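>>> Dropping a prediction and its sequence here:
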Amino acid sequence: MDIIKILQEDYQRFPVNQTYSIYAEDVYFQDPLNKFSGIERYKQMIKFIQTFFLNPKMDLHDIQREGDTIKTKWTLSWNTPLPWKPRISIPGWSELRLNSEEMIVSHTDYWKCSRLDVLKQHFFPLNSR
């Protein structure tokens, strides 16, 4: 099956039922909060999102492949389990690198906002600015 199609389907149902078989065992992951290697650690991070975040949603805006690199543009949003349940939104993009077996060996996420901007959303909703 085409890796682009698999990724599109994973984004649609994120964080549930992700296709971990497309990742190399020692996949490298990095985002503004995390940096680690290994598929088991990656699974734990997704499980954390599934467990801790309320109504998580990953909207895929674009996906392109050039050689061994796949670039995606997305918005991750969720409600934080605080009493007022603020809706948090992070626009960003990912760069995924493939090996010769079409397995993802590197997954790097970039945010179009700062960690402080994300923290502020917990107290100052985006729609009130």
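Okay, I see it.
>>> Now do the buried residues in the least confident helix or strand in the chain by mean pLDDT.
Ranked by mean pLDDT, DSSP states H and E, the helix or strand of the chain with the weakest confidence is helix 115-121, at a mean of 93. Of all the residues in helix 115-121, those buried under the rule 16 or more other C-beta atoms under 10 Å are 118, 121. Where C-beta positions appear, they are placed from N, C-alpha and C, glycine not excepted.
>>> And for stretch 17-32?
If you call a residue buried by 16+ other C-beta under 10 Å, then stretch 17-32 has these buried ones: 18, 22-24, 27-29, 31.
>>> For the longest helix along the chain, which helices and strands make contact with it?
Determined from DSSP state H, the single longest helix within the chain is helix 39-52. Contact here means 3 or more C-beta pairs under 8 Å, 6 or more residues apart in numbering; DSSP states H and E; on that basis helix 39-52 packs against strand 23-30.
>>> what's the strand it packs on in contact with?
Defining contact as C-beta atoms under 8 Å, 6 or more residues apart in numbering, one finds that strand 23-30 is touched by 35-39, 41-42, 45, 99, 103-109.
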